[in-house]
Structures are given as C-alpha cells and as structure tokens.
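Visitor: fold the stuff below for me.
(chains A and B)
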Amino acid sequence: MAKTHTRKRAGAAGVLRGGRKRILVVLFVPSVERDGNTPIDQPRWVDLSLEMFGRVFGGATAYPKAKGVWRDDERGGALVKDEPVVVHCYTTPADVQDQRKLGEVGRFCRQMGREAHQGEVGLVIGDEYFAIRDFGD
Amino acid sequence: MTTQVDLNKVAKGLRARRRGPVRASGGYFGAMQLLADVEARFRVPRGGGRPTDPNWTERRLVPLAPRTLKRLEEIAARLRERAGTNLQPMQLAALLLERTTERINENDAEELLRQTNAGSR
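Guide: Next up, the predicted model:
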C-alpha cells in the first residue's frame, strides 16, 4: 500500500472559496500597425493591458517579445510580421463569464485595435481563439 | 464537479468571433503556458523551502516509466533555464496531471469508462 501524507493548511478553504484560477486568458499585443511597417507604442499597450487585467481578473504576466505573423485577408492575404508581447492572465470560470468583466476586456481590445490600427485583436480563452475585428464602440 | 465555460457567452461579452479551438499543449506556446502556471501558482511556503502550489496538499507515490521520468527531467530543466525557477520534475508532472484532469469533462469520463468496459469484455 502506498504511503500517503496529508497536510492541512488553514488558508486553503479561503483560497478555494472564490474558485480556482484555472482559465488562461492570453492577449497578443502587437508591435506594428496593420501595414506591417509602422511601429506602435507597444510598451504603453503592454502596460495598459497589464493594468486592465489586474483590475478585471486580479493579475497578469507579460512575456518577452515573440515572433509572429498574421495573414490579412482583407489586403489580399498580405502577411503582417510582427513581434508581439504575449500577456497571460489566469482567472476563474465564473469571472471569465462575467459580462461586466468581459465588457471591459472587449472595450480594451477594441480601443487597442482602433488606436493601434490593427486588422484583428486576438485573445485565447481556455482552448478557444477569439477574434475581434469590429473596433467600433 | 468541473465548471464548464460557455464560450458563446464569452464571445458575446467580448463582441468577438469564436475562431475555433487551439491546441496549446506543445511547442513554444505550451512551454509559455507552463511557465505562466509556475509563476502564477508557485509560492514559497511560510516555513521556507522550495516554492510550490499551496493547494497541493496531497501526496501519492506514482509509478512512472523511466523514459517518462527522463522526459519530465528534460522539460523541467529547460523550464528552469528559461524562467529561472526551481521547477522539479515531479512538480511538472503534477501540473500536467492537473491540467489534463481539469480538461476531462463528465462526458469524456463516461466515454472513457464505456471504452474501458468494452475492452475488458
């Protein structure tokens, strides 16, 4: 029979009460505009996205620049190459379905899409990719 | 019971289009997810010692094939290099086990049970 140990921690119930943060939300912060050449103020958008995720879901982590490519079908399939910063944020199933919180995330993505002249803003939530292309408020 | 996320509700709230599932279990993205997991969850215990997830209160002996342990050691070493964390092979195993367990919903479990029963006849 396997030897087992169980350790009880006083704070565990409190941590679990709010639900486990097991849903990963990933936001791609681009480095260039849709034309693939004009740089955007990426550090500003990274900071703003961290602040937004901090407010909405309680925290986030931005990773060093990655290399990326996006096919712009509305411009004849032109490949837009950039160096996105990937921002990771863990949240709970309840929070990720909260319409007020989603509204704030959506507004941020549309603002970034609009002001940074993007063709699409991409989010991965759980195992699903979500594309935001309509940046109108 | 696992709480399922209604992705249509998420899409509506974001005013976004669902573009389909992604498989993020491997490659750069999968490794980044593991790093994010470690960073988000691991904490140094109050009494000191190696950082760990405070929710991991249960301990079991898990039999492993040598090649699986070797693979865990290799991946943990790469993640340690990359993130500067002190991730140990069996901590990595716990993360992977937890992730897979959470992804299996009740329907998957029933299907697995059905297949197991069919195979044992």
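Visitor: off-centre distance for stretch A:60-75?
Guide: Between the centre of stretch A:60-75 and the centre of its chain there are 12 Å (CA atoms, centre = their mean, to the nearest Å).
Visitor: equivalent analysis for stretch A:106-117, please.
Guide: So, by CA atoms, centre = their mean, the centroid of stretch A:106-117 is 13 Å from its chain's centroid.
Visitor: who touches that stretch?
Guide: The contact list for stretch A:106-117 (CB atoms under 8 Å, 6 or more residues apart in numbering or on different chains) reads A:27, A:29-30, A:33-35, A:38, A:40-41, A:45, A:48-49, A:52, A:118, A:120-121, A:123, A:132-137, B:13-16. C-beta coordinates here come from the backbone N, C-alpha and C atoms, glycine included.
Visitor: tell me which residues in it are buried?
Guide: Buried residues in stretch A:106-117, counted by 16 or more other CB atoms under 10 Å in any protein chain shown: A:106, A:108-113, A:116.
Visitor: and it, average pLDDT?
Guide: Stretch A:106-117 shows a mean pLDDT of 95 in the predicted model.
Visitor: tally of neighbours for B:Ala94?
Guide: When counting by other CB atoms under 10 Å in any protein chain shown, one arrives at 16 neighbours for B:Ala94.
Visitor: who's in contact with the one helix or strand it maps to?
Guide: Using DSSP states H and E, B:Ala94 sits in helix B:89-103. Helix B:89-103 has contacts (CB under 8 Å, 6+ apart) with A:22, A:127, B:2, B:34, B:37-38, B:42, B:52-53, B:56, B:62, B:64, B:69, B:72-73, B:75-76, B:79.
Visitor: for the strand ranked longest in chain B, which strands pair with it and how are they oriented?
Guide: Longest strand in chain B, counting residues (DSSP state E): strand B:17-21. Counting by DSSP bridges, the strands paired with strand B:17-21 are strand A:128-132 (antiparallel).
Visitor: now do the partner strand: distance to the chain's middle.
Guide: On CA atoms, centre = their mean, the centre of strand A:128-132 falls 10 Å from the chain's centre.
Visitor: dump it to PDB, keeping only the CA atoms.
Guide: Taking C-alpha atoms only, strand A:128-132 is exported to PDB below (Å, rounded to 0.1, in the frame of the first residue of the first chain):
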ATOM      1  CA  GLU A 128     -10.600  28.800 -27.900                       C
ATOM      2  CA  TYR A 129      -9.300  31.600 -30.100                       C
ATOM      3  CA  PHE A 130     -11.400  34.800 -30.200                       C
ATOM      4  CA  ALA A 131     -11.000  37.400 -32.900                       C
ATOM      5  CA  ILE A 132     -12.100  41.000 -32.500                       C
END
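Visitor: and the contacts of that strand?
Guide: Contacts for strand A:128-132 (CB under 8 Å, 6+ apart): A:106, A:109-110, A:113, A:120-124, B:7, B:10-11, B:14-22.
Visitor: list the helices and strands the helix or strand A:Leu27 falls within packs on?
Guide: Assigning secondary structure by DSSP H and E places A:Leu27 in strand A:23-29. For strand A:23-29, the packing partners by 3 or more CB pairs under 8 Å, 6 or more residues apart in numbering or on different chains; DSSP states H and E come out as helix A:42-57, strand A:85-91, helix A:93-96, helix A:99-115, strand A:121-125.
Visitor: could you dump the ones you listed into JSON lines with distance to B:Glu111 added?
Guide: Listed next are the helices and strands packed on strand A:23-29 as JSON lines, based on distance: least, CB to CB, whole Å:
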{"stretch": "helix A:42-57", "distance to B:Glu111": "32"}
{"stretch": "strand A:85-91", "distance to B:Glu111": "28"}
{"stretch": "helix A:93-96", "distance to B:Glu111": "22"}
{"stretch": "helix A:99-115", "distance to B:Glu111": "31"}
{"stretch": "strand A:121-125", "distance to B:Glu111": "25"}
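Visitor: quick check: angle from the helix holding B:Ala94 to strand A:23-29?
Guide: Counting by axes from the mean of the first three to the mean of the last three CA atoms, to 10 degrees, helix B:89-103 points 100 degrees away from the direction of strand A:23-29.
Visitor: this completes my enquiry, with thanks.
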